[in-house]
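Enquirer: The following block contains a protein sequence and its predicted model.
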Amino acid sequence: MKIKQIFNIKGQLPIRDPYIMGAYHYDRYPKGNGEMGPNVDVSQKANGSDFNPDASWRMYHGDKIPGFPYHPHRGFEIVTYVPIGYADHCDSRGSRGRYGQGDVQLMSAGKGVLHSEMFPLIHDDKENPLRLFQIWLNLPAKSKLTEPDYKMIWAEQLPEGSVDGGNGTKVDVKVLLGNYNGIQSVQPLTNSWAADPNNHVGIATLEMEAGSTFKLPAVTASLSRFLFFYEGNGQITIEGNPMKSNQMADLNGAEEIEITNGNQPAKILILEGEPIGEPVAAHGPFVMNTYEELQTSFEEYQKTQFGGWPWGPTERDM
């Protein structure tokens, strides 16, 4: 069986080992108010729980600017891809900057880091749409307490290429991690599960022209493999099985998978990787192997704040 299951998606992506969590944000933010917030009344937005998947846009944990004020992480790696819109990043290691419009951020929380990710509405004369993928890639036990690490892959540095889609068509491939059709990603973070090619970690996007075809090769029976059809007005078929936009397929990693697009352009996210195969104890922002390690993580954070927040007052403090 090449397709194990197909899911309808409204935010969270149902993925598994070596992945911990996948979040998909698509917000049609309105015009900005000159202070990077929305130029509308936000008093009815539920700060801290504004995650309604049916809403056109959300404030998440932000009061004035949408996003996630500073918070801790430990024990895993975060891959963030922003094809449309912008994110402002700050962390306790001293990194700070704005990225988006096709940029990718790799950040290993390792033994502990504080970071914030806010979504500035920089345009006051037009709407500010945001499309953002955030994938939590687990770290094996040996790497969970390594030093935090960070790398930006700017859009112009992101490896990409076009492959023959048949019948005079093409498929544009962007590779965040791994290797697809000879298109090799930049070097992963040092302690990433993706750093060993035997772990077959792959994160890539496909932009398929109408009528094009793309094949994922057979890898191993143990491979976790997912396909998310995130944008398109038509439909695609996977080995003859139809899928609509905002659907995700859980696929067999031991089989060659043929993806055929219909009569409209389609955009697809691919997630792959061999399981780490270790126990997972996760609570909120921490992902460890045992409950005792989780307790220790919370205790250490309470004592040290993972080095503290160097950037002064933020929206959370006002």
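Expert: Nice, I can see it. Numbers count the residues shown, from 1 in each chain.

Enquirer: List the buried residues of stretch 239-258.
Expert: By 16 or more other Cβ atoms under 10 Å, the buried positions in stretch 239-258 come out as 239, 243, 245-253, 255, 257. Every residue, glycine included, has its C-beta placed from N, CA and C.

Enquirer: likewise stretch 209-216?
Expert: Buried residues in stretch 209-216 (16+ other Cβ under 10 Å): 209, 212-214, 216.

Enquirer: which ones among these are found in helices?
Expert: Assigned to helices by DSSP state H, none of the buried residues of stretch 209-216 qualify.

Enquirer: got the contact list for residue 256?
Expert: Listed by Cβ atoms under 8 Å, 6 or more residues apart in numbering, the contact set of residue 256 reads 215-218.

Enquirer: I'd like those residues laid out as TSV, including pLDDT.
Expert: Shown next, in TSV, are the contacts of residue 256 (pLDDT from 0 to 100):
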residue	pLDDT
215	98
216	98
217	98
218	98
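
Enquirer: Pick the one among those residues closest to residue 156.
Expert: Proximity of the contacts of residue 256 to residue 156 was ranked by Cβ to Cβ; the top entry is residue 216 with 26.5 Å.

Enquirer: Now do that closest one against residue 115, distance only.
Expert: Distance of residue 216 to residue 115, given as Cβ to Cβ, to the nearest Å: 33 Å.

Enquirer: sorry, back to before: now go through the contacts of residue 256 and say which are in strands.
Expert: Taking DSSP state E as the definition of strands, the contacts of residue 256 contribute 215-216.

Enquirer: Max pairwise distance over the contacts of residue 256: which two?
Expert: Greatest spatial distance among the contacts of residue 256 (Cβ to Cβ): 215 and 218, at 9.8 Å.

Enquirer: before we move on, back to that, now tabulate the buried residues of stretch 209-216 in JSON lines and tack on distance to residue 262.
Expert: Shown next, in JSON lines, are the buried residues of stretch 209-216 (distance: Cβ to Cβ, whole Å):
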{"residue": "209", "distance to residue 262": "11"}
{"residue": "212", "distance to residue 262": "10"}
{"residue": "213", "distance to residue 262": "11"}
{"residue": "214", "distance to residue 262": "13"}
{"residue": "216", "distance to residue 262": "18"}
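
Enquirer: Out of those, flag the one nearest to residue 280.
Expert: Taking those together and measuring to residue 280 by Cβ to Cβ, the closest member is residue 216, at 26.1 Å.
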